[in-house]
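Asks: Turn this into a structure:
(2 chains)
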Amino acid sequence: MAKVGLSMKETPKLPFVQDAPTDSVLPATPAIGPPLWLLAELTYRCPLHCVFCYNPVDFARQEDELDTEGWLRVLRQGREMGAVQLGLSGGEPLVRDDLELIVAEARRLGYYTNLLTSGVGLTVERAAALKAAGLEHVQLSFQDSTQEMNDFLSHTKTFDLKNRVAKIIKDQGWPMVLNVVIHRMNIDHIDRIIEMAVEFGAEYLELANTQYYSWAYLNRDQLLPTHEQLRHAELVTNQWRAKLGDRMRIFFVTPDYHEGKPKKCVNGWGNMFLTVTPDGTALPCHTAKMLPGLSFPNVRDHSLHDIWFDSEGFNRYRGTSWMKEPCSSCEHREQDLGGCRCQAFMLAHDPAVADPVCIKSPHHHLITDAVAQAASQSSSRMKEHPLIFRNPVNSKRIIG
Amino acid sequence: MSPLSNATQPKVSSGFRLQWEPVQDCHVLLYPEGMVKLNGSAGEIMKRCDGSSSIAAITADIEKTFALQGLEPDVVAFVELAGKQQWLKWD
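Replies: Predicted coordinates:
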């Protein structure tokens, strides 16, 4: 599964109705807002084996999925706290045969319900049942193994499946977001990818440059594009944007390895995003479980309220007080919050240092080295280091 | 969409949902993987955009509710902005 995006906006001030007055005495620490975005990773089971998957490489450890009642309890507790967006993800969420029940309860509670799927398993009947349950939006992602990519680019099996699923989505009247994870092996086909999204009638196309966590990190050398590839892809994207206008909006997810600027990961640690993994572990981001010395509570043992407000895991990197230099005195510290804690840990072995993608990070050379190495790689080296596919066999091998 | 006039009857676009959020103490507009937090004025206008009320009627209702006058330019300005953002649509 690709990582989900977040979009939050506010309307400009209008004069005639005053907003509720804010307390004139500011609290010593800023109040913790609600977890507006709840991501329910219903299962790690998946028919696909994507080399860029962000699911943990040791996902095969987790076989004990929350049952239906467990998920419904999570939804109710989240909604009481003010969660409005619900992402139903995985793995492939369609392998859960209680998905319709989960959607129906989510909708009844007032969530905006988003299904993040590869489309495998989305039949006409299943789509109609999900629509009847109140599902509001489907994000269809393109999976990618080498064979499938060939199929996709040559209009054979995968294209037929996607085309069929895209039609099912349109027939149900759902707005369609197409998500394509972009990497070295497909970035040069971006023109054709955008053209297909137009043919499918997508409202939004997310060109999600790979973020290097989990399986994508294992395969980073093979997946990292070159600067030239990225520049070309952005150029093509902008040409299409000019041509399409409002007909289809294209998001080009910033490739942080190439930009030298850290991202405000999940809009800030414990700020609005809460993930629950298949076994019920609650996390402030998709991949936080990798961080050492932090424990994350399970929804089987604690209420979401206690987890969000009081757990050590959710409080550790909230705000800016945990920062070290160069972050703690940086003028951008409120905008990017020091970037991604997982990236800091993976690359610099300390989750509290600046994200190495930042040009101010003393570890930034690790990023520039990786990009330089990707650019100089020959195809023979690619053969010596084959891609590691996300599947239970490889996961168990990694667990050891 | 035709140019705005005070007879225009805007409604919330499909794929968007307007709802009141007690925790945030405001109306929000929800759409795929996103949320617009509406301030008080925007919420008051948008909750009246049901596809059958004209801008004139929406304005009159708000003016009555808040005992104010001359709000039509504000309502038109917001509806125009919301149309550009594709939050509202009209024939």
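
Asks: would you say residue A:88 is within a helix?
Replies: No: the assignment for residue A:88 is strand, going by DSSP: H, G, I helix; E, B strand; the rest coil, so no helix is present there.

Asks: Give the bridge partners for it, please.
Replies: Beta-bridge pairing for residue A:88 (DSSP bridges): residue A:40, residue A:115.

Asks: was I right about it contacting residue A:99?
Replies: Yes: under the contact definition of C-beta atoms under 8 Å, residue A:88 touches residue A:99, with a separation of 6.9 Å. C-beta: built from backbone N, CA, C; applies to glycine.

Asks: The nearest residue to residue A:59 once chain neighbours are set aside and chain B: what is the separation?
Replies: Spatial nearest neighbour of residue A:59, chain neighbours left out: residue A:44 (4.3 Å); criterion: C-beta to C-beta, 6 or more residues apart in numbering or on different chains. As defined by C-beta to the nearest C-beta, to the nearest Å, residue A:44 lies at a distance of 22 Å from chain B.

Asks: Could you do residue A:172 as well?
Replies: As defined by C-beta to the nearest C-beta, residue A:172 lies at a distance of 12 Å from chain B.

Asks: What of residue A:92?
Replies: Here the criterion is C-beta to the nearest C-beta. By it, residue A:92 lies 18 Å from chain B.

Asks: Give the full set of residues in contact with that residue.
Replies: Going by C-beta atoms under 8 Å, 6 or more residues apart in numbering or on different chains, residue A:92 touches A:1, A:43, A:45, A:46, A:47, A:48, A:117, A:118, A:120, A:121.

Asks: in its sheet, what does the worst-scoring helix or strand of chain B on mean pLDDT sit against?
Replies: Among the helices and strands of chain B, strand B:34-37 carries the lowest confidence by mean pLDDT, DSSP states H and E, at a mean of 90. For strand B:34-37, the paired strands and their directions (DSSP bridges) read strand A:7-10 (parallel), strand B:26-31 (antiparallel).

Asks: which stretch in the ones you listed has the least confidence?
Replies: Set side by side, the strands paired with strand B:34-37 show their lowest mean pLDDT on strand A:7-10, which sits at a mean of 60.

Asks: tell me the SS of whichever residue of chain B sits closest to chain A?
Replies: For chain B, the residue positioned closest to chain A under C-beta to the nearest C-beta is residue B:23, at a distance of 3.0 Å. With three-state DSSP as the basis, the three-state label of residue B:23 is coil.

Asks: Quick check: phi and psi on the residue lying closest to it once chain neighbours are set aside?
Replies: Counting by C-beta to C-beta, 6+ apart, residue B:23 lies nearest to residue A:82, which is 3.0 Å off, once chain neighbours are set aside. Torsion angles at residue A:82 (phi, psi; degrees, to the nearest 10) stand at phi 110, psi 10.

Asks: Residue A:82 - how many residues pack around it?
Replies: Neighbourhood size, residue A:82 [other C-beta atoms under 10 Å in any protein chain shown]: 15.

Asks: Would you confirm that it contacts residue A:34?
Replies: Yes: counting by C-beta under 8 Å, residue A:82 touches residue A:34, with 3.1 Å between them.

Asks: Pull up the overlap in contacts between those two.
Replies: Counting by C-beta under 8 Å, 6+ apart, the residues touching both residue A:82 and residue A:34 are B:23, B:24.

Asks: so who does the residue nearest the centre of chain B touch?
Replies: Central residue of chain B (C-alpha atoms, centre = their mean): residue B:46, 2.4 Å from the mean position. Applying C-beta under 8 Å, 6+ apart, one finds that residue B:46 lies in contact with B:12, B:18, B:27, B:29, B:38, B:82, B:87, B:88.

Asks: Likewise for residue A:217?
Replies: Residues in contact with residue A:217, defined by C-beta under 8 Å, 6+ apart, are residue A:346.

Asks: hang on, the earlier thing: which ones among the contacts of residue A:92 are found in strands?
Replies: In strands, defined here by DSSP state E, the members of those are residue A:117.

Asks: neighbours of the closest residue to chain B within the stretch 251-400 of chain A, just the number please.
Replies: Taking C-beta to the nearest C-beta, chain B has its nearest neighbour within the stretch 251-400 of chain A at residue A:272, 9.3 Å off. Residues near residue A:272, counting by other C-beta under 10 Å, number 20.

Asks: Just the buried subset of the contacts of residue A:92, written out for ChimeraX, thanks.
Replies: Isolation of the buried members of the contacts of residue A:92 (16 or more other C-beta atoms under 10 Å in any protein chain shown) is achieved in ChimeraX through the command below:
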select /A:1,43,45,46,48,117,118
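
Asks: May I see the contacts of residue A:92 organised as a markdown table, with pLDDT added?
Replies: Formatted as a markdown table, the entries for those read as follows, by pLDDT from 0 to 100:
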| residue | pLDDT |
| --- | --- |
| A:1 | 56 |
| A:43 | 96 |
| A:45 | 93 |
| A:46 | 89 |
| A:47 | 84 |
| A:48 | 81 |
| A:117 | 93 |
| A:118 | 88 |
| A:120 | 87 |
| A:121 | 90 |
